[in-house]
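1. with the sequence up front, the predicted model follows.
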Amino acid sequence: MNFEEYLISKRIDSDAFKKAEESMWLTWKDEFEQIHPNSFTLQKLNLINPVRRKYQLKVVPAPKVVAEKPVATHATNVEPAPSNTSSATTPLPKPAVPRPVFKPKPKI
């Protein structure tokens, strides 16, 4: 994982961050290359959120994929399978959970 990928995972726009605060970006990049990403996150935990708010990464939502229904080319004489509507509308009961048994304290 390189520094730019790390910033993307933290939803920080790397280009905007680099243009605005190049010295901090270079310092962070040097430190990131020397230590593990988790250690870097722990060290910069209080600094990442303000940077994220300043240089928020624009997320483009993925287009919704609508499944097309298949079109029948010719009529068939197939009867639909009978459906059990009672099981579809009523939920199944939860299994019984055994409760702990408490023994009374012995009287002395």
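-> Perfect, I can see it now.

2. going by C-alpha atoms from here, please, whenever you check contacts or count neighbours.
-> Will do.

3. can you pull the buried residues of the lengthiest helix in the chain?
-> In terms of residue count, the longest helix belonging to the chain (DSSP state H) is helix 22-34. By neighbour count, and taking 16 or more other C-alpha atoms under 10 Å as the criterion, the buried residues in helix 22-34 are 25, 32.

4. show the average pLDDT along it.
-> The average of the pLDDT scores along helix 22-34 is 94.

5. what about the helices in this structure?
-> 3-9, 14-20, 22-34, 37-43, 45-54, 85-89.

6. output those as CSV; include the columns distance to residue 106.
-> Output for the helices of the chain, formatted as CSV (distance: least, C-alpha to C-alpha, whole Å):
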stretch, distance to residue 106
helix 3-9, 60
helix 14-20, 69
helix 22-34, 63
helix 37-43, 53
helix 45-54, 55
helix 85-89, 50
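
7. tell me which of these sits nearest to residue 105.
-> The minimum distance between residue 105 and these falls on helix 85-89, with 47.0 Å, by C-alpha to C-alpha.

8. ok, back up a step: for residue 64, find the nearest of the helices of the chain.
-> Comparing these against residue 64 with C-alpha to C-alpha, the closest turns out to be helix 3-9 (22.6 Å).

9. show me what the closest one is packed up against.
-> helix 14-20, helix 22-34 (3 or more C-alpha pairs under 8 Å, 6 or more residues apart in numbering; DSSP states H and E).

10. off-centre distance for that helix?
-> With C-alpha atoms, centre = their mean, to the nearest Å as the basis, helix 3-9 stands 16 Å off its chain's centre.

11. now it: buried residues?
-> Across helix 3-9, burial judged by 16+ other C-alpha under 10 Å covers 3, 7.

12. ok, back up a step: what would the helices and strands packed on helix 3-9 look like in a markdown table with distance to residue 97?
-> Formatted as a markdown table, these follow (distance: least, C-alpha to C-alpha, whole Å):
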| stretch | distance to residue 97 |
| --- | --- |
| helix 14-20 | 52 |
| helix 22-34 | 50 |
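
13. quick one, which of the ones you listed is nearest to residue 56?
-> Shortest separation from residue 56 across those is recorded for helix 14-20, at 8.8 Å, computed as C-alpha to C-alpha.
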